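Colleague: The amino acid sequence is not available; the structure is as follows:
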């Protein structure tokens, strides 16, 4: 089984595994955080989205390559982007890192628990996502499914090699960016366009609820294993 359908500039993960001689392969969405069924129906979610913060949230651990991008985005988006996650030095590593990169900021990244993360997601309307590689080669981190499953309009990185469009449909269920300038433009686009923001969030939530619920995917995976054993 594999999580990321894309992998490199030359081969996707399915092609790599077939070249290695694997006869039984299966893509499994990395939707481990989508365990609990969400309680919204679409009408309730639409009403709730109308009252959420009209700004973006990013949640993630400290990675040097990601933080370089986040420092740039925070400097440009200012109060329209809030960052949370596990950062060294109780979050003060962010201002230290930003100063080293020549973009000094006093912003401190707050660490939050899983319960707090759920609470914050219910308050924000836009979710920022990024993968480790840039431009993105792999795709499908847990955040990709997590944001959609919680009703956030997602802005996620893309590239000619990424297969994110096979997981969510761009312009209908997600917005994509291939550069930091694109990312800023897409977030501002959602901030200024309420109808688009709600449409993206509702479509992604529906797709995630129907196809990327963890329990359903786990049951499908078990059935797949059984079918292989029965051959």
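Modeller: Received it, and whenever you're ready, just let me know what you need. What you see is a predicted model, and the numbers here were worked out from it, not measured in a lab.

Colleague: Helix, strand, or coil at residue 127?
Modeller: Secondary structure, DSSP: H, G, I helix; E, B strand; the rest coil: residue 127 is strand.

Colleague: swap in residue 221?
Modeller: Per three-state DSSP, residue 221 ends up helix.

Colleague: For the closest residue in space to it that isn't next to it in sequence, give me phi and psi.
Modeller: In this structure, residue 221 finds its nearest non-sequential neighbour in residue 28, 6.0 Å apart by CB to CB, 6 or more residues apart in numbering. The C-beta positions use only the backbone N, C-alpha and C, and glycine is treated the same way. Torsion angles at residue 28 (phi, psi; degrees, to the nearest 10) stand at phi -120, psi 120.

Colleague: For the lengthiest helix in the chain, give me every contacting residue.
Modeller: In terms of residue count, the longest helix belonging to the chain (DSSP state H) is helix 194-211. Helix 194-211 is contacted from outside by 29, 31, 34, 37-38, 40, 42, 45-46, 49-50, 54, 125-126, 145, 147-154, 168-169, 172-175, 189-191, using CB atoms under 8 Å, 6 or more residues apart in numbering.

Colleague: Return the distance of it from the chain's centre.
Modeller: Relative to the centre of its chain, helix 194-211 is centred 14 Å away, using CA atoms, centre = their mean, to the nearest Å.

Colleague: returning to that earlier point: my read: the residue nearest to residue 221 touches residue 4, true?
Modeller: No. The pair residue 28 / residue 4 is not scored as a contact, 10.3 Å apart, by CB atoms under 8 Å.

Colleague: When those two are compared, which one has more neighbours?
Modeller: Neighbours per residue (other CB atoms under 10 Å) separate residue 28 from residue 4, with residue 4 holding more: 19 against 15.
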